[in-house]
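Engineer: Pasting a predicted model and its sequence here:
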Amino acid sequence: MTDSNTSNDGFFRRLAINQPEDGPVLRRLGRWIRRRFAVGFLVVLPMVITLFFARFIFRLLDEWFLPISERIFGVEIPGLGFALFIIVLFILGIIATNMIGGRLLDFFERRVAGIPLLSPVYQGARQITEAIQIRGTTDFRKVVMLDFPRDGLRSIGFVTREFSGPTAFSDEPSALVFVPTTPNPTTGFLVALPQRELEVLDITVEQGVKLLISGGLLTPAQLLHPSS
């Protein structure tokens, strides 16, 4: 099967198809069985991790809110902690989007930033949440590839502004490109260069952000084959 026929197949199907087809029948059968076991393991692994994490969070929240349920209802109510946590999230969302609540949260963040041991932990978690939401809060136009930080080294960047004529950046049509760092794309470098030096990638901005945050693990299928 050719690349053109498999480029749009799922990840697990590509794993199953991309294997040698020569050799004796028993050897091919053995490879077929081993590959299916391996793919089955890859399918179930993220499911198990997700269920384990969900169960851990569910039990942790129930333990945190156990004194409240025992004091109010006199008995332990399974799932009450999770329900109360959802309500608290909703209330915090209302407070954070309120002008007074927003100022209180800013005051809290400034106080936490002044605590030596807690500041790195909080700031790191804050950067992760900003990185997750970057696709909804930025004005990236397209995903490009450019020579950065030197010729021969290719980097992924996002075009933030394009100029059709001469500017202070270049005597020809140019662009401003944000080259983010990995895995935290909220920091990076702003590069100004001619548009002719940019290679536009056939992926969406969201796919580009996922590519950077994952450190290349979530590479879009369009980039796995040579461009025509």
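Structural biologist: Okay, I see it.

Engineer: Centre of the chain to the longest strand seen in the chain, how far?
Structural biologist: Looking across the chain with DSSP state E, the single longest strand is strand 154-163. The gap between the average C-alpha position of strand 154-163 and the chain average comes to 19 Å, counting by CA atoms, centre = their mean, to the nearest Å.

Engineer: Pull out the buried residues from the helix or strand where Leu146 lies.
Structural biologist: Under the criterion of DSSP states H and E, Leu146 resides in strand 142-147. Residues of strand 142-147 classed as buried under the neighbour-count rule (16 or more other CB atoms under 10 Å) are Lys142, Val143, Val144, Leu146. C-betas here are computed from N, CA, C, even on glycine.

Engineer: what angle do the longest strand of the chain and strand 142-147 make?
Structural biologist: For strand 154-163 against strand 142-147, the angle between stretch directions is 120 degrees (axes from the mean of the first three to the mean of the last three CA atoms, to 10 degrees).

Engineer: quick one: average pLDDT of strand 154-163?
Structural biologist: Averaging pLDDT along strand 154-163 gives 91.

Engineer: Tell me the helices and strands packed up against that strand.
Structural biologist: If you count contacts as 3 or more CB pairs under 8 Å, 6 or more residues apart in numbering; DSSP states H and E, strand 154-163 packs onto strand 142-147, strand 174-180, helix 205-213.

Engineer: Report the separation between the residue lying farthest from the centre of the chain and Gly30.
Structural biologist: Each residue of the chain has a distance to the centre, and by CA atoms, centre = their mean the biggest one is for Pro24: 43.6 Å. Using CB to CB, to the nearest Å, one gets 9 Å for the distance from Pro24 to Gly30.

Engineer: Let me see the contact set for Gln222.
Structural biologist: The neighbourhood of Gln222, defined by CB atoms under 8 Å, 6 or more residues apart in numbering, consists of Leu201, Asp202, Ile203.

Engineer: let's go with 6 Å and repeat that
Structural biologist: Residues near Gln222 by CB atoms under 6 Å, 6 or more residues apart in numbering: Asp202, Ile203.

Engineer: quick one: it is in a helix?
Structural biologist: Yes. Read with DSSP: H, G, I helix; E, B strand; the rest coil, Gln222 is one of the residues of a helix.

Engineer: Make 476 the first number, not 1, from now on.
Structural biologist: Sure thing, new numbering starts at 476, so read that last one as Gln697.

Engineer: Model confidence for it, exactly?
Structural biologist: 83.

Engineer: now do Arg578
Structural biologist: At Arg578 the predicted local distance difference test score is 84.

Engineer: Thr572 now?
Structural biologist: Model confidence at Thr572 (pLDDT) stands at 82.

Engineer: Check the burial of it by counting its neighbours.
Structural biologist: If you count neighbours by other CB atoms under 10 Å, Thr572 ends up with 9.
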